[in-house]
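Peer 1: Predicted structure and sequence below. I'll ask about it afterward.
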Amino acid sequence: MADYWGNLLKGVSGASHITYFDTTKFKTKIACQLKGFEPSDHFVPLELSKLDRSAQYALLSTAEALGDASFDWDRLDKDRVGVVFGTGIGGLSSSEAAVQQYMLQDRTPRFSPSHLLRVLSNTVAASIALKYGFTGPNYITTSACASSANAIADACYAIALGKSDVIVTGGTESSIIELAVGGFNAMRALSTRNDDPEHASRPFDRDRDGFVMGEGAATLILESLDHAKARGARIYAEVVGVGMSADTYNIVAPDPNGKAAVQSMVGALQSADVRLEEVDYINTHGTSTKLGDLSECHAIESLFGDLAPKLAINSTKSMIGHLLGAGPAVESVAICCTIRDSLVHPTINIEHLDPQLPANWNYVPGEAISREVNVAMSNSFGFGGHNVTLLYKKYQE
Amino acid sequence: MSEEIFQKVQKIIAEKLGMKNLDGVTPEKSFTNDLGIDSLDREELMVEFENVFEIKFSEEDAEKIDKVSDLVEYIESLLASK
């Protein structure tokens, strides 16, 4: 987490050429691959046979988060701990690999007995519970690029309803594969700035040409306030509001009027009883697609009006790319660090602000800024028109 | 029990379990009780043995095997009848 946050503050792009497969015939040849990850450094072969890369990432981020949370394992009631994780396309990479092998050979079904476990996305939640013995609610949420926002929302609900004291939540994605890159290319959703990967993800910039795929996982430990205080936990932030809506406009394209996006943001504010003027910062969905940026900013403008120029508005995706279902969780980690450090990370690559966007807003271009953030909003909008807004607040006793 | 086959089997099991030391896999070890191998891991291993030794296990026979030495003997018998 320290590396991630440090690089965000420095404005480092994670984009480079794809090395996972031969991109010769692909329109897009760039992505933000997870650097320095070698599965065999972390798992033995019999474990790997059951774990898609997305599950491997989730287990690693969960180990880090649980270490950071410093539970007293002898006192933790594991029946009161659940796991709710989000992923957009789960084990598609394992599915692709198995099908390739099957088709390339003589089509005799020689699938590994564990093959389906790698494909099924719920293996992510199951593996975490199995490893730590958490017997509370256990499932996966999926809503494309909003998946892990739904996981965090559900984690809040489970705790608010008194079903659990702690939910291990987050998101994971490992989809820099031929099927996904080719598929998104066919949708014309990806940047093809192949000769300049570090400048390819450029939300709010006039010359953006689509998003850059990313991968990875983030785990957040959500806990009831009573439980956290009783054990003296370090509280990064409180999740105070959740809003959701559906676009009902188009299966892929966002509603240019951003009507449902507004509904989602309003829902979050109302559930938290937070007024518009209390919001300091919006971590946007900000994917670097023209339609997405314009629609989201239009929604922010119509909701916040004259208050919008006072907000810090940034896009984490400008540096880490679009982690699909894992995006909201990874961005939530950035928000927690923002609230902790009173530093807002930059949006990189805004060289010429899109003239269709308000010129007097603070998109935090280029360099991080110091700002005390008490209330932060996180927007996530998934293909299909799934909108989720999470509201985070600095914890004050 | 053939030492040659045992050594191959030992190496495969140790590798799959991520054991640095081959000595953890001895003929008298039980898959379930000593090596912590569950039913799915067993299936995964059996597929590997079938590929390495170019043999075909009978599901019924394979299910009954729990000791490393029994597995080695079973592989020997299949190789002999090839």
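Peer 2: Great, that's in hand.
Peer 1: Residue in chain A with the shortest distance to chain B?
Peer 2: The nearest approach of chain A to chain B comes at A:Val44, 2.6 Å away (C-beta to the nearest C-beta). Placement of C-beta: from N, CA and C, glycine included.
Peer 1: Contact partners for that residue?
Peer 2: If you count contacts by C-beta atoms under 8 Å, 6 or more residues apart in numbering or on different chains, A:Val44 has them with B:16-18.
Peer 1: again with A:Val124
Peer 2: Contacts of A:Val124 (C-beta under 8 Å, 6+ apart): A:54-55, A:58, A:85, A:87, A:90, A:140, A:172.
Peer 1: burial measure for A:Gly384, as a count.
Peer 2: Per other C-beta atoms under 10 Å in any protein chain shown, the neighbour tally for A:Gly384 reads 15.
Peer 1: which residue is nearest the middle of chain A?
Peer 2: With distances taken as C-alpha atoms, centre = their mean, A:Gly327 lies nearest the centre of chain A, 1.5 Å away.
Peer 1: Near chain B, which residues of chain A? Just list them.
Peer 2: A:43-47, A:49-50, A:110, A:112-114, A:117 (C-beta under 8 Å from any C-beta of the partner chain).
Peer 1: List only those of those residues flagged as buried.
Peer 2: A:43, A:45-47, A:49-50, A:112-114, A:117 (16 or more other C-beta atoms under 10 Å in any protein chain shown).
Peer 1: Without its sequence neighbours, what residue ends up closest to the residue nearest to the centre of chain A?
Peer 2: In space, and not counting its chain neighbours, A:Gly327 is closest to A:Cys145: 5.7 Å by C-beta to C-beta, 6 or more residues apart in numbering or on different chains.
Peer 1: Isn't that neighbour up against A:Leu324?
Peer 2: Yes. Here A:Cys145 reaches A:Leu324: they are 5.2 Å apart, a contact under C-beta atoms under 8 Å.
Peer 1: hang on, the earlier thing: put together TSV for the contacts of A:Val124, with pLDDT and neighbour count on each row.
Peer 2: Shown next, in TSV, are the contacts of A:Val124 (pLDDT from 0 to 100; neighbours: other C-beta atoms under 10 Å in any protein chain shown):
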residue	pLDDT	neighbour count
A:Ser54	97	31
A:Ala55	98	32
A:Ala58	98	33
A:Phe85	98	38
A:Thr87	98	34
A:Gly90	93	26
A:Ile140	98	24
A:Thr172	98	37
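Peer 1: Could you pick out which of these are located in helices?
Peer 2: Among the contacts of A:Val124, DSSP state H puts A:54-55, A:58 in helices.
Peer 1: just the CA coordinates of stretch A:169-187, formatted as PDB?
Peer 2: Output of stretch A:169-187 as PDB, limited to C-alpha atoms (Å, rounded to 0.1, in the frame of the first residue of the first chain):
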ATOM      1  CA  THR A 169     -14.200  -6.500   1.500                       C
ATOM      2  CA  GLY A 170     -12.500  -5.300  -1.700                       C
ATOM      3  CA  GLY A 171     -12.100  -6.100  -5.300                       C
ATOM      4  CA  THR A 172      -9.900  -7.900  -7.600                       C
ATOM      5  CA  GLU A 173      -9.300  -8.200 -11.300                       C
ATOM      6  CA  SER A 174      -6.900  -9.900 -13.600                       C
ATOM      7  CA  SER A 175      -8.100  -9.400 -17.100                       C
ATOM      8  CA  ILE A 176      -5.200  -8.200 -19.300                       C
ATOM      9  CA  ILE A 177      -5.900 -11.200 -21.600                       C
ATOM     10  CA  GLU A 178      -6.600 -11.600 -25.300                       C
ATOM     11  CA  LEU A 179     -10.300 -12.100 -24.800                       C
ATOM     12  CA  ALA A 180     -10.700  -8.800 -22.800                       C
ATOM     13  CA  VAL A 181      -8.300  -6.600 -24.700                       C
ATOM     14  CA  GLY A 182      -9.800  -7.900 -28.000                       C
ATOM     15  CA  GLY A 183     -13.300  -7.500 -26.700                       C
ATOM     16  CA  PHE A 184     -12.800  -3.900 -25.400                       C
ATOM     17  CA  ASN A 185     -11.000  -3.000 -28.700                       C
ATOM     18  CA  ALA A 186     -14.000  -4.200 -30.600                       C
ATOM     19  CA  MET A 187     -16.200  -1.900 -28.400                       C
END
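Peer 1: Sort out which residues of that stretch are buried, please.
Peer 2: A:169-178, A:180-181, A:184.
Peer 1: try stretch A:155-171
Peer 2: A:155-156, A:158-159, A:164-171.
Peer 1: Which two among those residues are spaced furthest apart?
Peer 2: A:Asp165 and A:Gly171 (21.5 Å; C-beta to C-beta).
Peer 1: where in chain B is pLDDT low?
Peer 2: Low-confidence segments of chain B (pLDDT under 70): none present.
Peer 1: can you tell me the helix or strand for the closest residue to chain A within chain B?
Peer 2: Residue of chain B nearest chain A, by C-beta to the nearest C-beta: B:Gly18 (2.6 Å). Per DSSP states H and E: B:Gly18 is located in neither a helix nor a strand.
Peer 1: what is the rounded mean pLDDT of stretch A:217-234?
Peer 2: Averaging pLDDT along stretch A:217-234 gives 97.
Peer 1: who does the helix or strand the residue nearest to the centre of chain A falls within touch, helix- and strand-wise?
Peer 2: Using DSSP H and E, A:Gly327 sits in helix A:327-341. For helix A:327-341, the elements it packs on are helix A:2-10, helix A:147-160, strand A:166-173, strand A:216-223, strand A:281-283, helix A:317-320, strand A:375-382, strand A:386-393, judged by 3 or more C-beta pairs under 8 Å, 6 or more residues apart in numbering or on different chains; DSSP states H and E.
Peer 1: Tally up the residues packed near the residue nearest to A:Ala189 when sequence neighbours are not counted, please.
Peer 2: The spatially closest residue to A:Ala189, leaving aside those adjacent along the chain, is A:Gly210, at 5.5 Å (C-beta to C-beta, 6+ apart). Neighbour count for A:Gly210, taken as other C-beta under 10 Å: 24.
Peer 1: Report pLDDT for A:Gly210.
Peer 2: In this model, A:Gly210 carries a pLDDT of 97.
Peer 1: so it touches A:Leu190, yeah?
Peer 2: Yes. A:Gly210 is within contact range of A:Leu190, at 4.7 Å (criterion: C-beta under 8 Å).
Peer 1: Which residue ranges of chain B form helices?
Peer 2: Under DSSP H, chain B gives helices at B:3-16, B:39-53, B:59-64, B:68-80.
Peer 1: and chain B, which of its residues are near chain A?
Peer 2: Residues of chain B lying near chain A (C-beta under 8 Å from any C-beta): B:15-18, B:37, B:40-41, B:43-45, B:47.
Peer 1: can you redo those as a markdown table with neighbour count?
Peer 2: Below are the residues of chain B next to chain A laid out as a markdown table (neighbours: other C-beta atoms under 10 Å in any protein chain shown):
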| residue | neighbour count |
| --- | --- |
| B:Glu15 | 15 |
| B:Lys16 | 20 |
| B:Leu17 | 18 |
| B:Gly18 | 13 |
| B:Ile37 | 21 |
| B:Leu40 | 15 |
| B:Asp41 | 23 |
| B:Glu43 | 18 |
| B:Glu44 | 20 |
| B:Leu45 | 23 |
| B:Val47 | 17 |
